[in-house]
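Enquirer: model the structure of this input:
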Amino acid sequence: MDVDKPADLEFVADDFEEGAHDKLDKNIHDRFPLVNPENLAAWRQNAAFILTAIAQEPGDRLLAKYRNSVECEKLLESNTTVMSMILDGPKDGYKNIRLLKLLRPDTEVSKVQLKEYTKDEAITSSKSWEREYVGDAADALWEHIREWYKKAQSPDAGQSFYAKYVAIVQSSGMGKSRAIDEMSKSRFVIPVILRASDSSGYPPSDKPAYEYLIGSNSQRDAFLRSCSFLHALFLQTATVVEGFKDAPDAGQLREYMKKGMQYDFHGECRRNFHEAVETHAKEVYSAVYLPHFPDEQLLPSHDRIDEKLSSENFPLCAAFRTLVKALGQQSLESPKSPKRQKKDTKVDDPFVVLAFDEVHTLTKLVEPPAGSDNQWSRFIELRRAIRGLKKESLFALFLSTSGTLYSISATTSSDGMIHTENFMLPFCELGFDQFALRINFSRLVLLSRVTSVEHLTSYGRPLWRPHYLEWKDSVMDFAVNKLLGGMNYIDGELTDGQKLACLAQRVPIEFLSAHYISHVSDKEKEQVNSHMRVILKVDRGLQTMATTSPSEPILAEAASTIMSRNPGFDPPVALQKILNGFAVHKGELGELIVALLFVIARDTAVRSAVKTERWCSVTALLQSLFCAPYSNFVDTSTGWHFTSKGTKILQESLANTFKESKVYFSHFVKVHEHKVVHVEFLMRLMVRGAAILCGNNQAGTDGIIPFLLNGDKIEQGNIGVILFQVKNDASFTHNPKPEEVRKMNPRSPTIIMHPDIPVIRFFFALSASTPTLQSVIHATSVKTLNGKGYKSYDFWVAGLSPEILSPVMRNTGAWNAVLQASSRWQQVYKGGSDLNIRLRKSMNPGVAAENPFWVNWCDEVTL
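Expert: Numbering: from 1, shown residues only. From the prediction side, this is the model:
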């Protein structure tokens with residue numbers, strides 16, 4: 001029954017589900033079976049451990065500081081009322097303790113309504129485009145265009161391509177539109193923004209173009225509109241450049257299109273331009289293209305239509321040649337871009353580039369009329385019109401996300417078959433870390449500096465840095481909004497896709513990619529489309545797609561915010577649904593489980609700290625990972641000193657040894673190479689808030705969490721590590737195997753540099769039937785084989801038990817279900833030019849030892 005409310009204490013509203021208190025009370029009594037409820041002296045003696053267990057039971061509702069029995073002892077000594085409530089617990093239960101306000105974190109910020117960021121994002125983007133362009137994506141894109149244009153011009157290969165166009169596919173904020181704008185400074189680019197008229201974003205919509213192309217009411221109408229639109233577009237561009245005072249160059253055309261542009265509308269020049277295009281398109285529709293394609297019974301996909309597209313008298317070719325004549329025959333190089341090497345572009349390069357942004361608005365398939373099986377889309381008909389320009393010096397770009405990748409890349413012929421051999425490879429290598437506040441370890445590197453929001457937003461895609469500079473205080477909420485795909489409330493009901501997006505930012509979740517692209521899970525496409533997942537590579541035949549959620553600190557922190565504040569987010573339940581309902585690689589699930597346990601413990605420890613840093617102490621992390629009284633056991637345990645002469649016990653306790661430590665990680669990355677398991681790489685990854693999961697088949701160690709032993713300085717001599725090995729194998733029981741623990745050798749490879757920096761090692765035997773947490777005992781005769789000594793605190797964790805592991809208490813069944821659900825990486829980084837490969841590697845920072853995985857954001861490692 002409830003006890004009377006003490007006068008000196010306040011309570012919060014009961015936020016537990018019906019029946020939860022009874023279950024939690026039973027757990028407390030079950031965990032202390034040897035304490036007789038009638039023996040008040042014994043109950044008082046164990047009161048601190050009981051209060052610690054209560055603080056752990058409800059998951060993260062109560063302050064994590066009270067998961068430490070020492071803090072509980074202090075509270076009970078100073079507050080006799082709380083002690084009385086503990087002593088009355090066997091009779092009255094512990095409900096009121098769970099509702100004590102003094103045990104609760106500040107809830108004022110627990111429910112945060114997010115802003116509508118679309119307008120803010122557009123304003124920020126518009127301002128960022130005025131800043132100097134950073135990165136090599138524009139150059140890589142031009143190389144990609146040249147490569148495929150040259151192949152299309154080849155007499156042998158030219159006819160095998162449906163049309164001369166490439167899709168630019170990537171997730172939001174990676175710089176697709178900005179790369180094209182940068183390229184337009186030195187190449188003749190005609191931009192068309194097909195954003196819906198009633199939507200916002202930057203660049204803003206070319207509304208007349210969108211409304212004209214979207215307004216078709218049949219497949220034939222869509223085809224004729226596409227032809228007439230392109231015809232009018234070419235002639236209107238010719239009219240504009242003929243009006244330039246000087247000989248036209250690419251930079252002039254770009255300035256004309258951008259003049260007066262704001263975040264939500266174009267300037268007068270561009271508005272007049274597209275209004276004139278629309279007016280002229282309507283005229284040539286009737287005057288030119290209806291007579292040229294008079295047979296209303298022939299669908300545009302018919303072979304006779306294709307023959308007309310390929311003929312010399314196709315009117316669209318004449319319109320394009322008028323534009324070429326107006327532009328003149330000078331090089332496409334802009335005199336404003338002296339850094340670019342001059343080159344004759346008449347033969348090898350396209351003279352004009354058409355760039356269609358937000359092309360997904362045209363890709364929706366239209367159901368055919370009754371009796372027909374011929375599906376069509378407005379995009380297919382636009383592409384068909386461009387096919388008629390195969391012999392011209394023109395190249396088209398279509399900007400998209402993976403959600404429309406297949407529909408803008410594959411070709412449907414008149415026989416209804418899908419062909420993937422006759423289109424050009426999509427471009428996705430836009431790079432990463434362009435705005436990174438680059439770290440140089442020859443200088444002072446401080447944890448307090450690299451954990452600042454300013455630093456977090458400098459890493460990853462170019463979206464974050466401009467937003468931080470413009471809206472400093474709201475950048476975290478903005479990141480939450482982007483990660484959730486535009487959801488306005490972090491305490492609302494989350495979809496499975498949103499939960500996957502959050503988990504994938506914290507622990508490595510890989511999709512299976514051994515499927516034809518048309519069969520790639522829509523859920524994976526959704527992750528790229530709406531939840532910031534990055535495309536690393538699409539193969540030549542569009543048969544596979546490699547995606548990842550790379551190390552992006554601001555998104556990892558955003559995911560932490562969502563997971564911590566959303567009451568319906570249960571990580572193991574979400575992971576279980578993902579493993580069962582998504583085409584993801586299950587891999588070594590034990591490693592994933594332990595990584596998630598550490599991530600949840602980290603969030604609890606950081607949120608419960610008095611200060612607002614993103615780091616916590618090693619002891620706080622372990623107190624949040626283990627339940628009382630096991631957390632106290634870990635604190636008071638002693639370690640071992642391994643030398644070439646033998647092994648001896650260390651006298652100092654773990655808590656005392658690591659009392660000044662600082663551990664900072666918000667996510668795990670799975671590294672491709674064992675070479676990265678080295679102190680030089682670990683301290684650089686620490687700057688990103690990244691711990692590591694070792695690659696498959698890397699013996700000895702499965703995971704590494706770096707920490708600072710003392711102070712704030714990140715340097716070799718201050719880096720310690722938590723090492724863990726995970727086995728989901730029943731042959732590993734509750735009986736420790738010291739030799740297995742010793743395989744996690746911190747000096748071989750060079751995980752730590754100095755033998756006096758102690759490490760902590762955990763061996764998780766998850767399938768053990770008898771739950772236990774023990775300190776591992778080593779024989780004093782054990783010697784280090786390589787002569788390199790080290791100090792270590794070693795523990796054997798058996799089972800996945802709520803009695804031992806604090807995060808498991810919330811939903812034991814889900815954790816066990818995940819446990820039961822239990823490719824060569826180099827291939828992703830092959831294919832394309834050297835620049836493409838370098839940018840692709842930069843988009844997955846810190847996972848291999850090669851320089852491109854690091855150079856954008858920190859100094860080079862020399863081993």
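Enquirer: can you give me the distance of Phe423 to Ser310?
Expert: In this view, Phe423 and Ser310 are 17 Å apart by Cβ to Cβ, to the nearest Å. Bear in mind the C-beta positions are built from the backbone N, C-alpha and C, glycine included.
Enquirer: comparing these two, which residue is more hemmed in?
Expert: Neighbour tally, Phe423 and Ser310, criterion other Cβ atoms under 10 Å: the higher count belongs to Phe423, 23 against 13.
Enquirer: nearest spatial neighbour of the residue positioned nearest the centre of the chain, skipping sequence neighbours?
Expert: By Cα atoms, centre = their mean, the chain has its centre lying nearest to Ser549, at 3.3 Å. What sits nearest to Ser549 in space, not counting adjacent residues and going by Cβ to Cβ, 6 or more residues apart in numbering, is Ala504, at 4.0 Å.
Enquirer: residues near the one you found, how many?
Expert: Neighbours around Ala504, by other Cβ under 10 Å: 25.
Enquirer: pLDDT value on it, please?
Expert: You'll see Ala504 listed with a pLDDT of 95.
Enquirer: tell me which element it falls in.
Expert: Here Ala504 sits within helix 496-506, counting by DSSP states H and E.
Enquirer: now that helix: buried residues?
Expert: Within helix 496-506, the residues scored as buried using 16 or more other Cβ atoms under 10 Å are 497-506.
Enquirer: ends of stretch 526-538, how far apart?
Expert: Terminal residues of stretch 526-538 lie 16 Å apart, using Cα to Cα, to the nearest Å.
Enquirer: go on, stretch 357-364?
Expert: In terms of Cα to Cα, the two terminal residues of stretch 357-364 are separated by 16 Å.
Enquirer: can you tell me what sits against it?
Expert: Stretch 357-364 has contacts (Cβ atoms under 8 Å, 6 or more residues apart in numbering) with 176-177, 180, 191-196, 201, 203, 205, 210, 213-214, 377-379, 382, 398-401, 403-404, 407-408.
Enquirer: now with 6 Å, please.
Expert: 177, 193-196, 377-379, 398-400, 404, 407 (Cβ atoms under 6 Å, 6 or more residues apart in numbering).
Enquirer: next: stretch 762-782.
Expert: With contact meaning Cβ under 6 Å, 6+ apart, stretch 762-782 is reached by 590, 594, 630, 637, 640, 646-647, 724-730, 732-734, 736, 738, 740-741, 794-801, 803-804, 819.
Enquirer: how about stretch 237-251?
Expert: The contact list for stretch 237-251, computed with Cβ under 6 Å, 6+ apart, reads 185-188, 190, 252, 322-323, 326-327, 334, 336.
Enquirer: most neighbours among those residues, which one is it?
Expert: Within these, neighbour counts (other Cβ under 10 Å) peak at Arg187, which reaches 29 neighbours.
Enquirer: how close does it sit to Ala355?
Expert: Counting by Cβ to Cβ, the gap from Arg187 to Ala355 is 10 Å.
Enquirer: just give the closest residue to His292, not the sequence neighbours.
Expert: Nearest non-adjacent residue to His292, counting by Cβ to Cβ, 6+ apart: Pro315, 6.0 Å away.
Enquirer: in this structure the one you found contacts Ala287, no?
Expert: No: using Cβ atoms under 6 Å, Pro315 is not in contact with Ala287; the gap is 9.9 Å.
Enquirer: many thanks, we can stop here.
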